[in-house]
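Participant: Provide a 3D model corresponding to the input given below.
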Amino acid sequence: MTRHNPALGIFWMVVTGLCFVAVTALVKHVGDDIPAAQSAFLRYALGLVFLVPMIRPILRARLTARQLRIFGARGVLHTIGVVLWFYAMTRIPIAEVTAMNYLSPVYVTIAAALFMGEDLPPRRLAAVVAALVGALIILRPGLRELNAGHVAMLFTAIGFAGSYLMAKLLSGEVSAAVVVGMLSITVTIGLAPLAALNWVTPTPAQLGWLFAVACFATAGHYTMTLAFAAAPLTVTQPVTFLQLVWAVALGALAFDEAVDGWVILGGTVIVAAVSFITWREARARRLVTPPVPATKG
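Facilitator: Predicted structure coming up:
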């Protein structure tokens, strides 16, 4: 029987949040000096060094044609999500990107009900509606000017949600190493032609920053795995709210971004809704909805 250690799980989820906030900060720092598709490609290409331990499990998996098609489709969706996320980072404040990224688990819940036959009882449906209201609080259409970055984040969350559902579909057939490794391979391949369309020769410093992005992203996924092993999602999921707190502080202190109370309120509503959905699914022992960090590239 698995022994849970809630304090350790919370600790590792806090570290995970710090890693992903570091990813956000570094991408923001690189800015739009490098096109979004190229920045994303370099992040994945430089991160292929972490793929070495996964090569043997991938070769041993003897993937079927069907599995390769699903991995390919997942790569397309994740590629779109990653490019839009990198683009949004150059257009809107860090806090807004972070808050809107919380929508991915909500989209997963909706899609699981529509396409995978999952139940969507009234309480869970109410939580989904609450999360969408939270998004409206952040965006406030008609009350302020929205730009392409906000639209990009809406579709980013959809892309990551689709990617997660395909990973969920394959997780019972192949090992986690194969799922993660194939994602890195397919996204790198998918990003390559997009990056080549408008290639800008990066400086050594920019390459260094993007390699740091790859390092923090990899570390974040690893510590997230440690958090899941130590405690159930119902314990670790609410901790993801700290990412929004740190994102607001980072944006204000490092990038001179104004603190928007509406973004904090909307993000809080979304996190509360996602935490409720996670709790309900944990009680039903289904766990379809991913933790927020799991939707990041």
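
Participant: Please verify my assumption that Val15 contacts Thr223.
Facilitator: Yes. Look at Val15 against Thr223 with C-beta atoms under 8 Å: they come within range, at 4.7 Å. Glycine gets a C-beta too; all of them are placed from N, C-alpha and C.

Participant: Those two: which is more packed in?
Facilitator: Thr223 (21 against 17; other C-beta atoms under 10 Å).

Participant: Look up which helix or strand the more buried one falls in, please.
Facilitator: Here Thr223, judged by DSSP states H and E, is contained in helix 204-230.

Participant: which helices and strands does that helix pack with?
Facilitator: The helices and strands touching helix 204-230, judged by 3 or more C-beta pairs under 8 Å, 6 or more residues apart in numbering; DSSP states H and E, are helix 6-30, helix 36-46.

Participant: CA atoms only for the helix or strand that the shortest one is followed by, dumped as PDB, please.
Facilitator: The element immediately downstream of helix 36-46 (helix or strand, assigned by DSSP H and E) is helix 52-61. Listed next in PDB are the C-alpha coordinates belonging to helix 52-61 (Å, rounded to 0.1, in the frame of the first residue of the first chain):
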ATOM      1  CA  VAL A  52      18.900  10.200 -23.800                       C
ATOM      2  CA  PRO A  53      17.600   8.000 -20.900                       C
ATOM      3  CA  MET A  54      14.300   7.600 -22.800                       C
ATOM      4  CA  ILE A  55      15.700   6.300 -26.100                       C
ATOM      5  CA  ARG A  56      15.900   2.700 -25.000                       C
ATOM      6  CA  PRO A  57      12.400   2.500 -23.600                       C
ATOM      7  CA  ILE A  58      11.100   4.100 -26.800                       C
ATOM      8  CA  LEU A  59      12.900   1.500 -29.000                       C
ATOM      9  CA  ARG A  60      11.700  -1.300 -26.800                       C
ATOM     10  CA  ALA A  61       8.100  -0.200 -26.900                       C
END
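
Participant: For helix 52-61, give the mean pLDDT please.
Facilitator: Averaging pLDDT along helix 52-61 yields 89.

Participant: Show me which residues of that helix are buried.
Facilitator: 54, 57-58, 61 (16 or more other C-beta atoms under 10 Å).

Participant: What lies in contact with stretch 202-222?
Facilitator: Stretch 202-222 is contacted from outside by 16, 19-20, 22-23, 26-27, 29-30, 33-34, 38-39, 42-44, 46-47, 50, 180, 293-294, 296-297, using C-beta atoms under 8 Å, 6 or more residues apart in numbering.

Participant: Narrow these to just the buried residues.
Facilitator: Buried subset of the contacts of stretch 202-222 (neighbour count, 16+ other C-beta under 10 Å): 16, 19-20, 22-23, 26-27, 30, 34, 38-39, 42-44, 46-47, 50, 180, 293-294, 296-297.

Participant: re earlier: go through the buried residues of helix 52-61 and name the one nearest Ile185.
Facilitator: Nearest to Ile185, judged by C-beta to C-beta, of the buried residues of helix 52-61 is Ile58 at 8.0 Å.

Participant: give the contact list for the closest one.
Facilitator: Per C-beta under 8 Å, 6+ apart, neighbours of Ile58: 177-178, 181-182, 185.

Participant: could these be laid out in JSON lines, adding distance to Pro141?
Facilitator: Putting the contacts of Ile58 into JSON lines (distance: C-beta to C-beta, whole Å) gives the following:
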{"residue": "Ala177", "distance to Pro141": "43"}
{"residue": "Val178", "distance to Pro141": "42"}
{"residue": "Gly181", "distance to Pro141": "40"}
{"residue": "Met182", "distance to Pro141": "38"}
{"residue": "Ile185", "distance to Pro141": "38"}
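
Participant: For Val263, which of the helices and strands packed on helix 204-230 is the nearest?
Facilitator: helix 6-30 (14.2 Å).

Participant: Figure out how far the closest one is from the centre of its chain.
Facilitator: 12 Å (C-alpha atoms, centre = their mean, to the nearest Å).
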